[in-house]
Each structure stands twice: as structure tokens, then as C-alpha cells.
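Colleague: sequence and predicted structure are below.
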Amino acid sequence: MANLSGFVKRLRDIMRNDAGINGDAQRIEQIAWMLFLKVYDAKEQDWEFDDEDYTSIIPEECRWANWAHDDRSGTAMTGERLLDFVNNTLFPTLKKLPVDASTPIKKAIVQTTFADANNYMKDGVLLRQVINVIDELDLSDYEESHAFGEIYEAILKELQSAGSAGEFYTPRAVTEFMAQMIKPQIGEKMADFACGTGGFLTSWLKELEKEVKTTEDRAAFGQSIYGIEKKQFPYMLCITNMLLHDLDVPQVFHDNSLLRDVLDYTEDDQFDVILMNPPYGGSEKAEVKNHFPADLASSETADLFMSVIMYRLKENGRAAVILPDGFLFGTDNAKINIKKKLLSEFNLHTIVRMPGSVFSPYTSITTNILFFDRTGPTTETWFYRLDMPEGYKHFSKTKPMKLEHFAPVIEWWNDRQEISVDGFDKARKYTMQQLSEELGYNLDQCGFPHEEEEILAPMDLIQRYQEERASLNAEIDRVLAEITAKLGGAEL
């Protein structure tokens, strides 16, 4: 294909004229299901070549090559005929494909991918034009397929500016840094229980690829990831992403990780490595809390995911998790209990404080990366504040964070020294005793000196205020309880 770089622009220009497409999010969702079918069709050609008994789960008339491909003979469907086929044959068929527990994952993903997908386009002629652009991709050509992987990454990045869809995208620099620090090994299995479009999964695979030496290694490589995503659209993008990365059997499931009792997990449900950016700022339905022990049952999504992570990390396993500041300074009962469990049962060895605008424009709330392993209780925790790189006031869509911006912390990582800048701690080590007894499980250390007033987006400001208010209320309740106890339980 002559012009891969203009691929997204060409699609956007055609779709702009269609009355059914309302905004960026719908445009990208529309592109996504067509890309999935195109990529899946290329995969099926490989599977048919390798296995003469292979049969597609998709009925012949609904396979991409049989309805979407235009052989330029003038017989390709277009206009009302194409629209009628897509809306009344293709979608109903793919949504109702017969799938049960015995259906192989690589076939079942078609039905789960289309369960909640939509065709928004209303102009069959424009739809034909979009399909033709996508069909030009030659995914059998290694160079082009690899180049398209980069284009797909660009499409995922566009999600950041597509309204609420932005929550699915963790900047690549961050996922790559975390995967590098975790040092993947052949034979290990890594999980992400809210995997979005698969950023952590692909960064893990990219890092693990360096370790592949034999055909046995290659087989283990293909089995090394596990993902769960509850939202339909990012799930579809993730499956396509995995197929593009040559994972023929992507262990990615459309499900909600918080809807299972954490006490029911056994060793079979545990993983060697967990890499995650749990959704935060959201609240789950009240009944979700019932799946957690009472002392860990928080109303904050990120807290609940932390409990899932702790119950699903193997003995000697490693984890790197992104959490907002509210988790570090929070003093409500659930947060304190989660932090107690983390420090007493896991080795929380490093917390990297990230600059404020890493997730801009989606949120301006400051985030942190917690690195811990299940090798025994914490004895000491290092904090490292990663400052804004020189020449940057803040990150943005046009000036995103890059992997090279992590260079200072990577350099510090293997030769840890305490660092103070202008009287403020930039890197410092705290003992378990200091964190628990002296600081009352307040992990908000080596933060950013607030010399300038921090300006947050209105919703972020409200969330920060609510977190701090809940934290202060919990602190007041704790002090009052202590006073009451000292007074022999007398009513105040």
C-alpha cells in the first residue's frame, strides 16, 4: 500500500461526510470493527494454510474476503445493498455465532468482539470507500504488517482525544518503562485485569521478545499473557492488537475482574507478573464490594483492583501498578487496610512519583508507579520523584512523555542514593517501621514541592477535594475513637 502514513486521515476524510458518524469516538469504533475483520481474515488465511482441516466459525458469506473485497469486476456490494447486508446479515450473524465452553479462543473472539459492536455509517457508498481503503492493507507482507502495527498504535493513541474513550490508553513510554524494570523471563505469565487496548500486554511482549532463542521459547512467548477488559470497545481493539502481534490464541477475555470473590482465588488463578493501570476515579455498584473482605471493601475502583492484584500474585511474583496520589495519602479504613496488607505481606520496594501531566489531556491527577514483589514483608521502601524534563512545563497530546524521560530513574535504579533538591527530598528510603508507625501508612513521600499553585481540571479538582475530605474525616474519626477509648468508652 502506497500511503500507510495517510491511512487514518483518508478514513477520517471519507467518514466526515457520513451523517451517521457523530464525533471521534464513533469514528474510531467504526474503523475498529472493520480492522478486526480484515486482520482476522489475514489470520484465517494463515491458519488454513497450516491446517487443511481448519474451518472458520464465520459463515462463508460473512467472511471479509467474500463481501468486503472488491476485485474491481463491478460486482462488489455498495450503496443500499451493502448497507442492508452489513446491518441485517453481517452484524446479526456475528453477534449470534454459536460459542460455548469448548469453542477454541481464536474462534470465540469473533462473537465476543461483535457482542456490542455497532455500524454507525448510513451512506452505503461512503461505507464502500472506507472498506476499500482498509482492504488495501496487505497484512501477508511482513514489512507492511509490521508498519501497520505502528499505524494501529497511532489509532489507539487517538483514543486519548476521543472523549471518555481516553481512559483506555496508558502512554507507551510508561508501559515500556514498567515492562523494562520488571525484566520479563521466558516461561513467566503476565496479567493485566483491566487491560484496555492491550498497552501493557504489548510492552511485555516487546520486552520478552528479546529473550526468545528457541522454538520452545516462541511457544511459551505466545502463552505468556492474560488480560481481562470489561468494556466492549477497548476489548475489540485489544484482540486486534494481539492478532497483529502474532498471538493466534490471545488469552484476553471480555469480563469484569471485580465480580468474583477474591477469597475464592487459588494458586491456579495466580500469575508470575502483574502490570496494570487500574481504572480510578470511578465507583462500582454497591454489590461489587460484597466480593471483598469487609476491611478491604472500598468504594474506589483502584483500591479494589489493588486487592485483586494482591490475591492473584504468585509467591515470588512481581508487580508494577499505577495508582493516583489519593491511594498514597488516603487514610480511610479500606485504604489503610490495603496498605497494611501490602506492606506486611509484600515487599513494596520502590515508588516512582510521576509528573502531573503524564495522562494529559485525560486527567491532570498525579500518578505513581508502585513496584512490589511477593517475596516476604517490606523492610524498606525507596521513593523517587521523577521531575519534568528540561524544557517542558507539562506534557500534552502534541508533546507526550517519552521513554527517554525515564532515563534519570533508570540510571538511579541500580545505584540508589538519597537525593535532596532545594531542601526537598527527591529520593529517599523509609523503613517499614517509619511508614507504618511514624507516618501512619501515609505513602505520600518525596512528592512535588507545591511552590506554584496547582491548577486542575474542574472534575479532577472535585475528585481531589473529595479524596482529601474523606481522608481528613477518617483521621478525625480515628483520633476521636482514641480519645473515647482513653476516657473509658464514655460518650463524648
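Modeller: Cool, got the structure. Remember, it's a predicted structure, so these values are computed and weren't measured experimentally. Residues are numbered from 1 along each chain as shown.

Colleague: which strands and helices lie in contact with the top helix by length along the chain?
Modeller: Ranked by number of residues, the top helix in the chain under DSSP state H is helix 458-486. Helix 458-486 sits against helix 325-329, with contacts defined as 3 or more CB pairs under 8 Å, 6 or more residues apart in numbering; DSSP states H and E. Where you see a C-beta, it was placed from the backbone N, CA and C, and this is true even at glycine.

Colleague: the helix it packs on - what's its average pLDDT?
Modeller: For helix 325-329, the mean per-residue pLDDT is 91.

Colleague: and if you look at stretch 461-473?
Modeller: Mean predicted lDDT for stretch 461-473 stands at 74.

Colleague: do you know how far the closest residue to residue 138 other than its chain neighbours is from residue 136?
Modeller: Spatial nearest neighbour of residue 138, excluding adjacent residues (CB to CB, 6 or more residues apart in numbering): residue 144 at 4.9 Å. Residue 144 is 10 Å from residue 136, where distance means CB to CB, to the nearest Å.

Colleague: ok, back up a step: what sits up against the helix or strand hosting the residue nearest to residue 138?
Modeller: Assigned by DSSP states H and E, residue 144 falls within helix 142-158. Among residues not part of helix 142-158, those counted as contacts by CB atoms under 8 Å, 6 or more residues apart in numbering are 1, 4-5, 7-8, 24, 28, 31-32, 35, 42, 137-139, 168-169, 172, 197, 199, 237, 240-241, 244-245.

Colleague: pLDDT (mean, whole number) over it?
Modeller: Rounded mean pLDDT across helix 142-158 is 75.

Colleague: may I see the buried residues of it?
Modeller: Buried residues in helix 142-158, counted by 16 or more other CB atoms under 10 Å: 144-145, 147-148, 151-153, 155-156, 158.

Colleague: could I get the full set of helices for the stretch 251-400 of the chain?
Modeller: Counting by DSSP state H, counting those that start in this stretch, the stretch 251-400 of the chain has helices at residues 301-311, 325-329, 333-345.

Colleague: any chance of those in JSON lines, plus mean neighbour count and distance to residue 277?
Modeller: Compiled in JSON lines, the helices of the stretch 251-400 of the chain are given as follows (neighbours: other CB atoms under 10 Å; distance: least, CB to CB, whole Å):
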{"stretch": "helix 301-311", "mean neighbour count": "23", "distance to residue 277": "9"}
{"stretch": "helix 325-329", "mean neighbour count": "22", "distance to residue 277": "12"}
{"stretch": "helix 333-345", "mean neighbour count": "19", "distance to residue 277": "17"}
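
Colleague: comparing those by mean pLDDT, which bottoms out?
Modeller: Minimum mean pLDDT among those: helix 325-329, a mean of 91.

Colleague: packing partners of it?
Modeller: helix 301-311, strand 367-373, helix 458-486.

Colleague: quick one, the last one and helix 333-345 angle?
Modeller: Interaxial angle of helix 458-486 relative to helix 333-345 (axes from the mean of the first three to the mean of the last three CA atoms, to 10 degrees): 80 degrees.

Colleague: thinking again about what came up before, tell me which of the contacts of helix 142-158 fall in helices.
Modeller: Taking DSSP H as the definition of helices, these contribute 7-8, 24, 28, 31-32, 35, 42, 172, 199, 237, 240-241, 244.

Colleague: which parts of stretch 220-239 are buried?
Modeller: Neighbour count says stretch 220-239 has 220-222, 224-239 buried, by 16+ other CB under 10 Å.

Colleague: what ranges do the strands span in the stretch 251-400 of the chain?
Modeller: Along the stretch 251-400 of the chain, counting by DSSP state E, counting those that start in this stretch, strands occupy 252-254, 271-276, 313-324, 347-353, 367-373, 380-385.
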